[in-house]
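**Q** Predicted structure and sequence below. I'll ask about it afterward.
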There are 2 protein chains.
Amino acid sequence: MVVGAGFAGLAAARTLAKAGALVTLVDHNPYSTFQPLLYQVATAGMSMSDVSYPVRTYAAKWPNVRARRGALSTVLPEKRRVELGDGSTLDYDFLVLATGVTTNWYDVPGAPENAQPLYSLNDAAALRRRLQHCLEEAVAGRRDSVHVVVVGGGSTGVEIAGTLAELRRRTLPLTHPEIRPDQTSVTLVERFDFVLSPYKPRLRNAAAAALRKRGVRLRLGATVASVEPDAVGIVDGTHVPSDVTVWALGVTAPAYVAEWGLPQTKGGRIRVTEALNVPKHPEIFVAGDLAGPPEQLPQLAQPAIQMGEHVGKQILAAAQGLPLRPFSYRDPGIMATVGRAEAVLQLSNGLTMRGWPAWLVWIFIHVAYLLGGRNRITVLVNFFWRYAGPRHAATSVSQ
Amino acid sequence: MVVGAGFAGLAAARTLAKAGALVTLVDHNPYSTFQPLLYQVATAGMSMSDVSYPVRTYAAKWPNVRARRGALSTVLPEKRRVELGDGSTLDYDFLVLATGVTTNWYDVPGAPENAQPLYSLNDAAALRRRLQHCLEEAVAGRRDSVHVVVVGGGSTGVEIAGTLAELRRRTLPLTHPEIRPDQTSVTLVERFDFVLSPYKPRLRNAAAAALRKRGVRLRLGATVASVEPDAVGIVDGTHVPSDVTVWALGVTAPAYVAEWGLPQTKGGRIRVTEALNVPKHPEIFVAGDLAGPPEQLPQLAQPAIQMGEHVGKQILAAAQGLPLRPFSYRDPGIMATVGRAEAVLQLSNGLTMRGWPAWLVWIFIHVAYLLGGRNRITVLVNFFWRYAGPRHAATSVSQ
């Protein structure tokens, strides 16, 4: 049984399904989310259906895969059983836990109440509604400003800040002509002195320059102390006015994971062996963001996919009584986009690329990894429309 | 000022905008809905963004059009002022009321509580969620059946019943293999002895045959007496088991229209002159479903668009002190689709067409009238995918 239909869970289910194993794929949503493009949903460039794919449609590709909608309530390792939120129970021979993680507020006062996370599809839709609502209030004269502060200069923070800044410069004057430019701003707050810390200094600087060129105000070396309804407080005592605060900082395991009685490690993730299973319950495997292997991995799509495939193969081996093999991550490199025709790319062999060539590679990779031919076509149409279509056409509304 | 961004409101705004008039376009949603394709959203063939278009993107096409999000709270004709739900007021020289209508429950007991309407985008999304929820309950064993009853054999009823029956036959065995065919059904209840009453008998019969061929159970000559949580009661005392009841019967003006102090006519619609304005307040025009002109018109997209254009032209004339002209409807004909490669089409000159040629015309017309190039492309992709793509790929999830 595979719980969680994200990158890791789908990779595990696919690996098992291809080998003919009976798989039950459980998720609390009826869809799988393509998280790397959530920032496009939040900025109204894509619709929710563009970056999501029905779990049942995925499962329907194999006769030996069953989908089941339900929230994992608890794991009973001794009984080899899971309990779902609706009270029903499912028994397993092998279990893959790939439920992902949740927003880490890092105990910053006011953050859970006043900041918007960007980890799930619902987060992205809520952020979009919040932005639209504030803009409408400004049009109606019930709000003076729509200042956006993005907290966190990792790839999520850079991508959403760059895209929002482009919307502010290019689209807002056409769609909301009632709002003056000085009523809006996009600020990126980052505790390091640079953005995109996993990248080489040359790419970090290129990304920062590209953000500044788009009008993003960079507050580097600034650690957030608090989030208030109308401002973000910095540890140096200053305040950045903020009507919408986007929380792009990091993730942690949800608190209820502790109730499963499995060993945990940094960030609440489940401590697993080199083979990605739980020492005392070798039939339980963990993959994706929720997994805490001996060697920490970046919480990205690639490690999740590779972990999912590895876990699927280990279960097939274990079922045949064969020994498990340790997981090793083949790092293909990392990439982030800043906006129209601007991205940074760093391969694991040290090769770097930036500007529009990197952006084209970024689009190609992201579209290629999308689930479903229809999603690929519509997302390409959306990219074309957003970046080459009429200027006023850069917004999508699907609630 | 134009209130309502449906077919009528957009046509009025476009006519006025092209002539250089200052237009404020008000709607309580941030988007305009392409209602003829709502049944596709309800049956997960299209996403909400495919059939909606941002009002601000529409307004951004003209420098003299301003968009304003807000629900019309009341009209103060003496002050030439409207009040919005948020308490703000807007003054007008000329007013176009094109806010549309709402579900007519025809005082059938239990209908508002137990049936799902299909008039707005939110209705369509709610119906889709309800269907998905019931199917998941059936998979989990917490529900024995998912019987769907569609009340009303007009074009909306025929379209949704035909599409649901195709989903049941073709897609459900792949996506929900746990559910047996005898656990599901699609029934269409209609008080006349035929469906599609505005059509010639030959087309009515062809549509009924096409529905039966898809497995739709037809209950013709059956007037609904009540809607219960698990059944639809017929006046002859029989009951049709129903887990999901779709209300495709008709529309009426919302009750609050009475508070505007304007004359009303059949169905609560606002009584207007032949020129489509209010007798005592000639500066107030009404277009679309809300208009009650001397000669009653079908509540379809075509009359709404033509009324909107007419109203726009009359306002331009009135502003120049020219006399108003009566509205006359140029009927291009009517069409309805039953499912894959099956539609009926009846031109006003008596020419009829059915089968796949009519279906291709139906697709062409609907795609041509969609707002925005992106919507047209993605809807074509969706049609292709639903009807010619892999069988398991027939569902879209955008919540």
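**A** Here it is on my side, so go on.
**Q** and stretch A:285-302, which residues are buried?
**A** Buried residues in stretch A:285-302, counted by 16 or more other CB atoms under 10 Å in any protein chain shown: A:285-293, A:297, A:299-302. No exception for glycine: its C-beta is placed from N, CA and C like everyone else's.
**Q** right, and out of those residues, which lies closest to chain B?
**A** Chain B has its nearest neighbour among the buried residues of stretch A:285-302 in residue A:301, at 19.7 Å by CB to the nearest CB.
**Q** Chain neighbours aside, what residue packs nearest to the closest one?
**A** residue A:7 (4.9 Å; CB to CB, 6 or more residues apart in numbering or on different chains).
**Q** neighbours of that neighbour, just the number please.
**A** The number of residues packed near residue A:7 is 28, by other CB atoms under 10 Å in any protein chain shown.
**Q** For it, give me its contacts.
**A** A:35, A:288, A:301, A:304, A:305, A:308 (CB atoms under 8 Å, 6 or more residues apart in numbering or on different chains).
**Q** any idea which helix or strand carries the fifth one?
**A** In this structure, residue A:305 sits in helix A:301-319 according to DSSP states H and E.
**Q** What strands line up against the following helix or strand past that helix, and which way round?
**A** Sequence-wise, the next helix or strand downstream of helix A:301-319 (DSSP H and E) is strand A:334-339. Applying DSSP bridges, strand A:334-339 is found paired with strand A:342-346 (antiparallel).
**Q** Let me see the mean pLDDT of the strand it pairs with.
**A** Across strand A:342-346, pLDDT averages out at 94.
**Q** Just to be sure, residue A:282 is in a helix?
**A** No - if the criterion is DSSP: H, G, I helix; E, B strand; the rest coil, then residue A:282 is strand and not within a helix.
**Q** contacts for stretch A:152-166?
**A** So stretch A:152-166 is contacted by A:39-40, A:42-43, A:45, A:118, A:148, A:150-151, A:186-190, A:192, A:194-198, A:207, A:210-211, A:214-216, A:220, A:246-250, A:334, A:336-340, A:342 (CB under 8 Å, 6+ apart).
**Q** And the contacts of residue A:7, which is closest to residue A:362?
**A** Nearest to residue A:362 out of those is residue A:301 (CB to CB; 12.7 Å).
**Q** Distance check, the closest one against residue A:370.
**A** Distance from residue A:301 to residue A:370, counting by CB to CB, to the nearest Å: 11 Å.
**Q** Pop the domain breakdown of chain A in here.
**A** Residue ranges for the domains of chain A, per automatic domain parsing: A:2-28+A:70-101+A:253-319, A:111-250+A:334-393.
**Q** Take those and write them to TSV, including distance to residue B:24.
**A** Shown next, in TSV, are those (distance: least, CB to CB, whole Å):
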stretch	distance to residue B:24
domain A:2-28+A:70-101+A:253-319	43
domain A:111-250+A:334-393	11
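**Q** Comparing those, which yields the minimum mean pLDDT?
**A** domain A:111-250+A:334-393 (a mean of 92).
**Q** Show the contacting residues for the residue of the stretch 201-350 of chain A found nearest chain B.
**A** Proximity of the stretch 201-350 of chain A to chain B (CB to the nearest CB) peaks at residue A:244, 16.1 Å away. Counting by CB under 8 Å, 6+ apart, residue A:244 makes contact with A:116, A:127, A:130, A:131, A:134, A:146, A:147, A:148, A:149.
**Q** pretty sure residue A:159 belongs to a helix, no?
**A** Yes - checked against three-state DSSP, residue A:159 lies within a helix.
**Q** That one and residue A:153, how far apart?
**A** Distance, residue A:159 to residue A:153, using CB to CB: 11 Å.
**Q** you'd agree residue A:197 is up against residue A:204?
**A** Yes - look at residue A:197 against residue A:204 with CB atoms under 8 Å: they come within range, at 7.5 Å.
**Q** Have a look at the two and say which one is more surrounded.
**A** Using other CB under 10 Å, the more surrounded residue of residue A:197 and residue A:204 is residue A:204, with 20 against 12.
**Q** Please name the nearest non-neighbouring residue to that one.
**A** Nearest one to residue A:204, counting by CB to CB, 6+ apart, is residue A:194 at 4.3 Å.
**Q** Thought residue A:204 was touching residue A:352, still the case?
**A** No - using CB under 8 Å, residue A:352 is not in contact with residue A:204, being 10.8 Å away.
**Q** quick revisit: any idea which of the contacts of residue A:244 has the most stuff around it?
**A** Neighbour counts for the contacts of residue A:244 peak at residue A:148, which has 27 neighbours (criterion: other CB under 10 Å).
**Q** so it sits in a strand?
**A** Yes - assignment of residue A:148 by three-state DSSP places it within a strand.
**Q** Can you mark which positions in stretch A:148-157 are buried?
**A** Neighbour-count burial for stretch A:148-157 flags A:148, A:149, A:150, A:151, A:152, A:153, A:154, A:155, A:156, A:157 (criterion: 16+ other CB under 10 Å).
**Q** For chain B, state which of those residues is nearest.
**A** residue A:148 (17.8 Å).
**Q** Which residues are in contact with the closest one?
**A** Here residue A:148 is in contact with A:131, A:164, A:184, A:185, A:186, A:187, A:242, A:243, A:244, A:245, A:246 (CB under 8 Å, 6+ apart).
**Q** and it, bridged to which residues?
**A** Here residue A:148, judged by DSSP bridges, has bridge partners residue A:186, residue A:244.
**Q** Cross-check the contact I'm expecting between residue A:111 and residue A:229.
**A** No - at 11.8 Å, residue A:111 does not count as touching residue A:229 under the criterion of CB under 8 Å.
**Q** Between those two, tell me which one has more neighbours.
**A** residue A:111 (21 against 10).
**Q** Torsion angles phi and psi at residue A:377?
**A** Backbone geometry at residue A:377, expressed as degrees, to the nearest 10, gives phi -70, psi -50.
**Q** In space, what's closest to it - neighbours in sequence excluded?
**A** Closest residue in space to residue A:377, ignoring its immediate chain neighbours: residue B:381 at 4.9 Å, by CB to CB, 6+ apart.
**Q** swap in residue A:121?
**A** Closest residue to residue A:121 apart from its sequence neighbours, by CB to CB, 6+ apart: residue A:33 at 4.7 Å.
**Q** Can you get me a residue count around the one you found?
**A** Based on other CB under 10 Å, the number of other residues close to residue A:33 is 25.
**Q** before we move on, back to that, quick one: the residue nearest to residue A:301 and residue B:323, what's the gap?
**A** For residue A:7 relative to residue B:323 (CB to CB), the value is 67 Å.
**Q** distance between the ends of stretch A:326-334?
**A** Its first and final residues considered, stretch A:326-334 spans 23 Å by CA to CA, to the nearest Å.
**Q** Name the residues of that stretch that are buried.
**A** A:327, A:334.
**Q** cool, and stretch A:307-320?
**A** A:307, A:308, A:309, A:310, A:311, A:312, A:313, A:314, A:315, A:316, A:318.
**Q** ok, now stretch A:345-354?
**A** Residues A:345, A:346, A:353, A:354 are the ones in stretch A:345-354 that count as buried (16+ other CB under 10 Å).
**Q** Just the CA atoms of it, as CSV, please.
**A** These are the backbone C-alpha positions of stretch A:345-354, laid out as CSV (Å, rounded to 0.1, in the frame of the first residue of the first chain):
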residue,chain,number,x,y,z
LEU,A,345,20.5,26.1,-13.9
GLN,A,346,23.3,24.3,-12.2
LEU,A,347,24.2,20.7,-13.2
SER,A,348,25.8,18.4,-10.7
ASN,A,349,29.0,18.3,-12.8
GLY,A,350,29.4,22.0,-12.2
LEU,A,351,28.0,23.3,-15.5
THR,A,352,25.8,26.4,-15.2
MET,A,353,23.5,28.2,-17.5
ARG,A,354,21.3,31.2,-17.1
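**Q** so how far is it off the chain centroid?
**A** Mean C-alpha position of stretch A:345-354 versus that of the full chain (CA atoms, centre = their mean, to the nearest Å) differs by 22 Å.
**Q** Throw the buried residues of stretch A:307-320 into TSV and include distance to chain B, thanks.
**A** Formatted as TSV, those follow (distance: CB to the nearest CB, whole Å):
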residue	distance to chain B
A:307	25
A:308	21
A:309	22
A:310	27
A:311	25
A:312	21
A:313	25
A:314	27
A:315	23
A:316	23
A:318	27
